[in-house]
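In: Predicted model follows, preceded by the sequence.
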Amino acid sequence: MNIAEIQAYGYFILTFALVLVLYGYIYHLYTKKRDADGVDYESYSNMALKDDIDDAPVSAVSEEKEK
């Protein structure tokens with residue numbers, strides 16, 4: 001076994017590991033849509049598209065101060 005074969009096996013293993021990490025991260029993003037505070041940030045994704053003055057806000061602001 002020479003150095004070229006070792007590099008080829010290492011490249012294959014590294015590529016496979018990075019693909020697993022990528023798919024794991026994508027799975028994590030789609031399964032955990034809310035953060036620890038319960039805020040769903042996916043609702044903010046259309047903010048750039050719906051930015052007219054007449055459009056409804058993404059999240060309503062209450063007039064009362066929270067305790």
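Out: Yes, it's here.
In: Give me the distance between the residue positioned nearest the centre of the chain and D37.
Out: Centroid-nearest residue in the chain, with CA atoms, centre = their mean: L29, separated by 4.3 Å. Using CB to CB, to the nearest Å, one obtains 17 Å as the distance from L29 to D37. Using the backbone N, CA and C atoms, a C-beta is placed for each residue, glycine as well.
In: picking up where we left off before, quick check: which element contains the residue nearest to the centre of the chain?
Out: helix 3-31 (DSSP states H and E).
In: Going by neighbour count, which residues of that helix are buried?
Out: The neighbour-count check on helix 3-31 (16 or more other CB atoms under 10 Å) flags nothing as buried.
In: do stretch 37-57 as well
Out: For stretch 37-57, it's none, nothing buried (16+ other CB under 10 Å).
In: Can you give me the end-to-end span of that stretch?
Out: 20 Å (CA to CA, to the nearest Å).
In: Quick one: low-confidence residue ranges for this structure.
Out: 34-36, 65-67 (pLDDT under 70).
In: what helices or strands is the helix holding L29 leaning on?
Out: Packing partners of helix 3-31 (3 or more CB pairs under 8 Å, 6 or more residues apart in numbering; DSSP states H and E): none among the helices and strands.
In: From the chain's centroid, how far away is it?
Out: Offset of helix 3-31 from its chain centre (CA atoms, centre = their mean, to the nearest Å): 19 Å.
In: Equivalent analysis for stretch 55-67, please.
Out: Using CA atoms, centre = their mean, the offset of stretch 55-67 from its chain centre is 25 Å.
In: who touches that stretch?
Out: Residues outside stretch 55-67 that contact it (CB atoms under 8 Å, 6 or more residues apart in numbering): 43-44, 46-47, 50.
In: Output these as TSV; include the columns secondary structure and distance to F12.
Out: As requested, the contacts of stretch 55-67 are exported to TSV (DSSP: H, G, I helix; E, B strand; the rest coil; distance: CB to CB, whole Å):
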residue	secondary structure	distance to F12
S43	helix	41
Y44	helix	39
N46	helix	41
M47	coil	42
K50	coil	46
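In: Distance to L20 added to those residues, as a markdown table?
Out: Converted to a markdown table, these look like this (distance: CB to CB, whole Å):
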| residue | distance to L20 |
| --- | --- |
| S43 | 30 |
| Y44 | 29 |
| N46 | 32 |
| M47 | 33 |
| K50 | 37 |
